[in-house]
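Undergrad: coords please:
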Amino acid sequence: MQRRPHLPGPSQAFAEKKTKILDRLAVPEAEYTDLSPKGTVDKGIRRLIDEINSTDGFVTTSSCAGRVSVFLEGRKAAESSDADAGAGADEQPPAQVAGVGGKGAGGTWLYVSHDPVQGQDWLQTLALEDGEARRTGRLIHFKFEPMILHVLTASLAHAQLLLRSALQAGFRESGAVNLTADSEAAAAPMVAVRSMGLGFESLVGHELEGKRYALVSGSYLRALMDIGNERFSENTRRIERFRGAFRESLARMGSDGRQWEDPAARRERMRAEGLRRKATAAEGVVDEDNGGRESADDLYVALDFGLA
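TA: This is a model prediction of the structure:
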């Protein structure tokens, strides 16, 4: 029987951090709030979060199940310079300036939804007036963002297991930070699970002298929302694949965390996965992030040798 390094027990420091985070999440929903626009944990991802947090060595620190949003970007440098002109030494410091496309420094959310949206007059919903398409003032952005999840892990082995699951599920821009420490036992990598290939953004309007104007037609806005709804569906499928891959990875570790598959069992499992992939391809489903070029075995090899 082939053996792999087992998942080490979480350190006391990790256990204390996890307890504090879970205490925060245990607050009744009516009382819970966070820094996100919604202010609470998304229902579409709550079950996944609960499964991860119920497993030793893992705890989620932030999450978004996916969303469509429309936002007005923050103040530009020129606006701040005009507002601060002639300021005396005893007056307030210059106002903050938003980065390119950033929402900070006076920007605001015009619309946010974590679920598919249908049947709205978007020019009316967003209070955008018809006007000449000019790139003036602050811009208004439409954006779809797929699930992003940050998970604190107890060790490098925990981080590798989670990353392997994320990559298998199609979250191909996933990665880990805090990979170095004085000792492996002290390492507590933060893993970001994400798939930026599903995201997209478009400019839809601008603000000038306090009024907001559309840069696109109502039919174009509806098309953007329709695309967003399609991305929601694929995002949900990837979330479910990630849940399944995470459970399977844990199960393969064995009850004591030390057993791994023998070569024959591994070959049989990979053969079954290959048949499933062929059946999926025959139905016309394509992984747009990698065009179906890499198999799950490729990802195992890449992770095992530090190539992913």
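Undergrad: For the stretch 151-300 of the chain, which segments count as helices?
TA: Ranges of helices in the stretch 151-300 of the chain, per DSSP state H, counting those that start in this stretch, are 156-168, 218-252, 263-282, 296-304.
Undergrad: Pull the number of nearby residues for residue 49.
TA: If you count neighbours by other CB atoms under 10 Å, residue 49 ends up with 18. For the C-beta atoms, the positions are set from N, CA and C on the backbone; glycine is no exception.
Undergrad: hey, where'd the strands end up in the stretch 1-150 of the chain?
TA: Remark: strands assigned in the stretch 1-150 of the chain by DSSP state E, counting those that start in this stretch are 58-64, 67-72, 108-113, 138-145, 148-153.
Undergrad: where along the stretch 1-150 of the chain do the helices fall?
TA: So, for the stretch 1-150 of the chain - with DSSP H, counting those that start in this stretch - the helices run 12-25, 43-53, 77-84, 122-125.
Undergrad: okay if I get these as TSV plus mean pLDDT and distance to residue 68?
TA: Below are the helices of the stretch 1-150 of the chain laid out as TSV (pLDDT from 0 to 100; distance: least, CB to CB, whole Å):
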stretch	mean pLDDT	distance to residue 68
helix 12-25	91	25
helix 43-53	91	13
helix 77-84	52	27
helix 122-125	88	11
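Undergrad: Would you format the helices of the stretch 151-300 of the chain as JSON lines with mean neighbour count, mean pLDDT and distance to residue 60 included?
TA: As requested, these are arranged in JSON lines below (neighbours: other CB atoms under 10 Å; pLDDT from 0 to 100; distance: least, CB to CB, whole Å):
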{"stretch": "helix 156-168", "mean neighbour count": "23", "mean pLDDT": "94", "distance to residue 60": "11"}
{"stretch": "helix 218-252", "mean neighbour count": "17", "mean pLDDT": "94", "distance to residue 60": "12"}
{"stretch": "helix 263-282", "mean neighbour count": "12", "mean pLDDT": "73", "distance to residue 60": "27"}
{"stretch": "helix 296-304", "mean neighbour count": "15", "mean pLDDT": "39", "distance to residue 60": "21"}
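Undergrad: ok so, going back, adding distance to residue 213 and mean neighbour count, write the strands of the stretch 1-150 of the chain out as CSV.
TA: Compiled in CSV, the strands of the stretch 1-150 of the chain are given as follows (distance: least, CB to CB, whole Å; neighbours: other CB atoms under 10 Å):
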stretch, distance to residue 213, mean neighbour count
strand 58-64, 29, 20
strand 67-72, 12, 21
strand 108-113, 13, 15
strand 138-145, 9, 21
strand 148-153, 31, 22
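Undergrad: which one of the helices of the stretch 1-150 of the chain lies closest to residue 156?
TA: Smallest distance to residue 156 across those (CB to CB): 12.7 Å, for helix 12-25.
Undergrad: Mind giving me the packing neighbours of the closest one?
TA: Packing contacts for helix 12-25, counted by 3 or more CB pairs under 8 Å, 6 or more residues apart in numbering; DSSP states H and E, involve helix 43-53, strand 58-64, strand 148-153.
Undergrad: just to revisit the earlier point, now for the strands of the stretch 1-150 of the chain, which one comes closest to residue 208?
TA: Using CB to CB, the strands of the stretch 1-150 of the chain put strand 138-145 closest to residue 208, at 8.4 Å.
Undergrad: All good on my end, thank you.
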